[in-house]
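> With the sequence up front, the predicted model follows.
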Amino acid sequence: MPVNLPTNLLRSFVAIVDTGSMLNASEQVFVTQSALSLQIKRLEELVQQTLFLREGRRLNLTAAGTVLLDYARRVLLLHDEAVAAVSAGRFAGPARIGMVQDFADTLLSGLLSRFAELHPDAQIYARVAGTAELQALLERRELDIVLGFAAPNDAHAVTVAPMSWYGDTHLVDREVIPLAVLEEPCRFREAAIRALEDAGLQWRIAVETPNLATLKAAVGAGLGVTCRTHLFLEETQALEHDRLPPLPRVAAILRSGDKLDKAANRLAELARETVEAL
């Protein structure tokens with residue numbers, strides 16, 4: 001008998017990879033962490049392979065997990081297309097939206113909950129990742145809508161905001177300025193390094209992380225200086241210091257697929273309204 005892999009297990013597996021942790025994935029697929037752990041255990045039993053290796057707090061894919069990830073994405077894409085195709089124009093979904101981490105707090109608790117209230121029959125798939133990765137998924141038609149960052153003159157810009165420095169002012173007085181940054185590729189990381197180098201200032205990377213929450217914690221703990229938009233620490237004043245060079249502006253962009261169904265089109269409209277108000 002062939003092994004059947006339930007789509008809810010595959011969706012949870014992909015969510016863990018996309019979000020980087022059980023905690024973040026549990027919020028995306030709306031199950032508890034303990035239930036999510038049981039789902040992954042069940043999936044590993046079905047394929048008779050270990051899918052993740054834990055290194056500290058981080059989960060890394062095994063070789064088998066990497067192979068399964070590509071197939072899982074394709075299975076879920078076909079599954080969701082099939083549901084949409086037979087539902088005769090109803091809000092079947094899921095409407096698939098990707099966003100950078102900076103937007104996640106605002107959009108996950110605001111935009112997506114509002115959409116769910118307005119359209120309870122619609123399904124939502126949300127993915128949080130970097131802009132480059134999200135745009136690649138959009139090109140492969142694995143996402144319907146992308147919210148990310150780009151150059152201020154980008155054709156898909158919804159709004160443009162200044163980048164600002166954040167961190168402990170005493171760190172700027174050091175001969176070598178410690179930076180806290182996200183992993184590459186990152187527009188803000190590149191902007192901070194370029195600005196310091198153009199000003200002839202020495203710098204070093206003190207904290208490097210894939211996670212915005214960790215970046216916030218590092219900056220709050222005085223481990224490094226970083227640059228983001230006002231969404232980074234909304235209740236904290238941007239760092240102003242005569243030694244710090246000016247930073248460029250950045251655009252918040254919204255891109256969508258060529259053929260959106262009714263649910264995705266409505267979600268794109270709400271997303272644009274939300275970003276314009278940020």
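Structure received.
> I'd assumed Ser256 was in contact with Leu147.
No - counting by C-beta atoms under 8 Å, Leu147 stays clear of Ser256, with 9.9 Å between them. Glycine gets a C-beta too; all of them are placed from N, C-alpha and C.
> These two: who's more crowded?
Leu147 (27 against 21; other C-beta atoms under 10 Å).
> nearest spatial neighbour of that one, skipping sequence neighbours?
Once flanking residues are discounted, Leu147 sits nearest to Met99: 4.3 Å by C-beta to C-beta, 6 or more residues apart in numbering.
> Same check on Leu107?
Nearest one to Leu107, counting by C-beta to C-beta, 6+ apart, is Met99 at 5.6 Å.
> What distance do you get for that neighbour to Ala129?
Met99 sits 8 Å away from Ala129, going by C-beta to C-beta, to the nearest Å.
> More neighbours: these two, which one.
Met99 (26 against 21).
> So in terms of bridging, what pairs with the more buried one?
Met99 forms beta bridges with Val128, Leu147, as assigned by DSSP bridges.
> From Val250, how far off is it?
For Met99 relative to Val250 (C-beta to C-beta), the value is 15 Å.
> can you count the residues close to Phe115?
The tally of other residues near Phe115 (other C-beta under 10 Å) stands at 22.
> what do you get for the one 4 residues further on?
Using other C-beta under 10 Å, His119 is surrounded by 18 other residues.
> And for Phe52?
Neighbours of Phe52 using other C-beta under 10 Å come to 18.
> Then the one 3 residues further on?
The local packing count at Glu55 equals 8, with neighbours defined by other C-beta under 10 Å.
> is it in a bridge, and if so with what?
Applying DSSP bridges, one finds that Glu55 bridges with Arg58.
> Do you know the pLDDT at it?
Turning to Glu55, the model gives it a pLDDT of 79.
> cool, and the one 10 residues further on?
At Gly65, the model reports a pLDDT of 91.
> Which segments of this protein make up each domain?
7-87, 95-160+252-277, 164-247 (the TED database).
> Identify, out of the ones you listed, the most deeply packed stretch.
Highest mean neighbour count of these: domain 95-160+252-277, a mean of 18 (counted as mean count of other C-beta atoms under 10 Å).
> Can you measure across that domain, start residue to end residue?
Terminal residues of domain 95-160+252-277 lie 22 Å apart, using C-alpha to C-alpha, to the nearest Å.
> what do you get for stretch 46-56?
26 Å.
> Which residues does that stretch contact?
Residues outside stretch 46-56 that contact it (C-beta atoms under 8 Å, 6 or more residues apart in numbering) are 3-5, 9, 13, 16, 40, 43-44, 59-62, 64-65, 68.
> do the same with stretch 22-29
8, 11-12, 15-16, 18-19, 32-33, 35-37, 59, 108, 126-128.
> which other helices and strands contact the longest helix along the chain?
Longest among the helix segments of the chain by residue count, using DSSP state H, is helix 63-86. Contacting helix 63-86 under the criterion 3 or more C-beta pairs under 8 Å, 6 or more residues apart in numbering; DSSP states H and E are the following elements: helix 7-19.
> The helix or strand following the helix it packs on versus helix 7-19: what angle between them?
As assigned by DSSP states H and E, the chain's next helix or strand after helix 7-19 is helix 22-29. With axes from the mean of the first three to the mean of the last three C-alpha atoms, to 10 degrees defining the directions, helix 22-29 sits at 130 degrees from helix 7-19.
> got the CA positions of helix 22-29 in CSV?
Only the C-alpha atoms of helix 22-29 are listed here, as CSV (Å, rounded to 0.1, in the frame of the first residue of the first chain):
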residue,chain,number,x,y,z
MET,A,22,7.9,25.7,16.2
LEU,A,23,6.6,28.8,18.0
ASN,A,24,6.3,30.9,14.9
ALA,A,25,4.9,28.0,12.9
SER,A,26,2.2,27.2,15.5
GLU,A,27,0.9,30.8,15.1
GLN,A,28,0.8,30.4,11.3
VAL,A,29,-1.0,27.1,11.2
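> next structured bit after that helix?
Moving toward the C-terminus from helix 22-29, the next helix or strand (DSSP H and E) is helix 33-47.
> How far does that next one sit from its chain's centre?
Chain-centre distance of helix 33-47: 23 Å, with C-alpha atoms, centre = their mean, to the nearest Å.
> so what's Asn211 scoring on pLDDT?
pLDDT for Asn211: 83.
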